[in-house]
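**Q** Generate a structure from the sequence data that follows.
(one chain, ligands or ions: 2)
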Amino acid sequence: MENGGVAFAPKVGVVVFLLKGDKVLLGRRRSHVGYNTFALPGGHLEFGESFEECAATEMKEETGLDIDKIDYLTVTNNVISREAKPLHVVAICMRAVLADPNQMPQNLEPDKCDGWDWYDWNDLPKPLFGPLETMVRRGFNPFSYQSK
Ligand SMILES: Nc1ncnc2c1ncn2[C@H]1C[C@H](O)[C@@H](COP(=O)(O)OP(=O)(O)OP(=O)(O)O)O1
Ligand SMILES: [Mg+2]
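**A** Ligands and ions are numbered 1, 2, ... in the order given. Modelled structure (predicted):
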C-alpha cells in the first residue's frame, strides 16, 4: 500500500491453538478489529522474539496459562481491508498444550477480551474471527495437522 510510512506495513502476528482433549481455547474479542468475534490467544511478534517465546508470552499475558509442547503449524496471510484502518497481518499459527492440565484460564486483559473458554472443535462458537473462520472453512484442523 502506497502511504510512505510504516503505519500500513504488514505486521507479524503469532496465534496459538491451545488444545485440551477435543477442545480449543477461544475468547471473544473486544478490540476494534474483529469486535465480538471468537479468536485465538496471541499477539504481535516483538523484536528479537522466537515464535515459541511469543506464543508463551502472549498466552501468559492474556490468560495466565503456562503452555508446553509448543510447535509451529502453518502461516496465513491476512489482509483485513474492511476496517477503518486496513490491516495486513502475517499470522504464524502455533499449537500447544497446557503445562498443567488443571490450570484455568483467567481474563487478564479485559479491555481486549470478554473472557476465555474451551470450545469443542466440532462445535465452534459463532461468529469466529475472520482469519480463523477462513482457516476452518478451508478444512484446517489443528488436531490432525502435521507441519512440514
Ligand atoms: N486466527 C488468526 N489468524 C490470523 N490472524 C490473527 C488471528 N488471530 C489474531 N490475528 C491477528 C490480529 C492481530 O492483528 C494480530 C495480533 O493479535 P491480537 O490478539 O489482535 O493482538 P494483541 O493486541 O494481543 O497484540 P499485542 O498485545 O502484541 O500488540 O494477529
Ligand atoms: Mg491478543
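
**Q** Could you list every helix and strand in contact with whichever strand or helix holds Arg95?
**A** Secondary structure from DSSP states H and E places Arg95 in strand 87-98. Judged by 3 or more C-beta pairs under 8 Å, 6 or more residues apart in numbering; DSSP states H and E, the packing partners of strand 87-98 are strand 11-20, helix 51-63, strand 67-80, helix 130-137. To be clear about C-beta, it is placed using only N, CA and C from the backbone, and glycine gets the same treatment.

**Q** Sheet-wise, list the partners of the first one with their directions.
**A** Read that as strand 11-20. Next to strand 11-20 in the sheet, as set by DSSP bridges, lie strand 23-29 (antiparallel), strand 42-44 (antiparallel), strand 87-98 (parallel).

**Q** Now look at the helix or strand that comes right after the last one and say if it contacts ligand 1.
**A** Tracing the chain past strand 87-98, the next element assigned as helix or strand by DSSP H and E is strand 113-120. No - judged by C-beta under 6 Å from any ligand atom, strand 113-120 stays clear of ligand 1, getting no closer than 8.3 Å.

**Q** need the residues of the protein near ligand 1, please.
**A** 11, 13, 15, 31, 39-40, 42-44, 76, 78, 87, 89, 91, 112, 129, 131-132.

**Q** hmm, 8 Å instead?
**A** Residues of the chain found near ligand 1 (C-beta under 8 Å from any ligand atom) are 11, 13-15, 29, 31, 33-34, 39-46, 58, 61-62, 76, 78, 80, 87, 89, 91, 93, 109, 112, 129, 131-132, 134-135.

**Q** out of these, which are buried?
**A** For the residues of the chain next to ligand 1, a burial check counting by 16 or more other C-beta atoms under 10 Å picks out 13-15, 29, 33-34, 39-43, 45, 58, 62, 76, 78, 87, 89, 91, 93, 109, 129, 131-132, 135.
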